[in-house]
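**Student:** Model the structure of this input:
(one chain, ligands or ions: 2)
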Amino acid sequence: MSTADRLAWSERLTNRLWLSTDGRYAIVRDELPEHRPKRTVTFTLRKIDPASSVAYPGTLGHFLAQEYTLAGAKQEAERDNFAEEHAAQLNVPPDLPAVGLRRFFWPISNGTTRAGLAIVREDGRYLARVYGTVRTGDGFEPGVFAELDLTGLGFTGTADNTTEHGPDPCYDCGVNPGTPHLDGCDIARCMFTGGQRLSCEQDDHDDCGRQVWTGRWPGEAEAEEFGWWVQDRCAEGLGWVPCAPGAPGACPDLNRLHLDARWDRTAGRWVRREEATR
Ligand SMILES: [Zn+2]
Ligand SMILES: [Zn+2]
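**Tutor:** Residues are numbered from 1 along each chain as shown. Ligands and ions are numbered 1, 2, ... in the order given. So this is what the prediction gives:
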């Protein structure tokens, strides 16, 4: 890590309030009303979302951590800042060589960092490993956090390591591909309307059904099948524009599904709108 990505602070109210100079973090000093044996001083770290600070000037953001020292609160801010800047690299790669790999979200990463449980063949032995990522100089690579020697436990087999591990579990509820999403999953679609199940008002149905996680975002397969793609050209002030399937950064155009396709509740998928009904 270079020194360039360290936070700088300014004290806005003497011994009361500190803001990071990039405007993304605030630390508030409080004294809890606990007098025995002496009053407890706390330093609360808050994170300021740039969008809401525009809408609500002066907001001190949302709670991130509470510490007993200013240095401790600053350290927590550094940790959060680091995790945000390196989110992609902190993931165990989907093509890690292993006999089998199941990736999952590292519980303390706020749903940003992918760890993995893998069976790995090494020197003729089978090992069950929990991977996270560790820093190596300027980069990151998968590090082993726990290991069981399956060969030592009597496991035998002939499978070899591969880098093809199939799709990840659902990004929200964590079920494996081929399994219905859990209640409360915000990725699951309503099988009656095709809209988000979590926000479905069930106007004309009682049961939203149980959509199965396929390993892809709902609607992506249909948009790909119809040849509908967009690319991000926001940096040029163009927004998201239609593009060819192989164009740089091409993503399936999910918005177009709502315009040029309709939800077929019998088939449980999007189908193209007939030309005549356009
Ligand atoms: Zn889910
Ligand atoms: Zn519904």
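**Student:** I'd like to know how far F43 sits from ligand 2.
**Tutor:** 45 Å (C-beta to the ion, to the nearest Å). No exception for glycine: its C-beta is placed from N, CA and C like everyone else's.
**Student:** distance between the helix or strand that that residue is a member of and the chain's centre?
**Tutor:** Element membership of F43, judged by DSSP states H and E, is strand 40-47. Distance of strand 40-47 from the chain centroid (C-alpha atoms, centre = their mean, to the nearest Å) equals 26 Å.
**Student:** List the pairing partners of it within its sheet, with orientation.
**Tutor:** strand 25-32 (antiparallel), strand 62-67 (antiparallel) (DSSP bridges).
**Student:** Tell me the buried residues in it?
**Tutor:** For strand 40-47, a neighbour-count test (16 or more other C-beta atoms under 10 Å) marks F43, T44, L45, R46, K47 as buried.
**Student:** List the beta-bridge partners for the fourth one.
**Tutor:** If I follow you right, that is R46. Taking DSSP bridges as the rule, R46 bridges to A26, F63.
**Student:** thinking it is in contact with L60, fair?
**Tutor:** Yes - using C-beta atoms under 8 Å as the test, R46 is close enough to L60 to be in contact (4.9 Å).
**Student:** Contacts for stretch 65-79, please.
**Tutor:** For stretch 65-79, contacts defined as C-beta atoms under 8 Å, 6 or more residues apart in numbering pick out 6-7, 9, 18, 20, 25, 27, 29, 40-45, 64.
**Student:** State the pair within those that is farthest apart.
**Tutor:** R6 and T40 (28.6 Å; C-beta to C-beta).
**Student:** List just the nearest of the buried residues of strand 40-47 to ligand 2.
**Tutor:** For the buried residues of strand 40-47, the minimum distance to ligand 2 (C-beta to the ion) is 34.0 Å, reached by K47.
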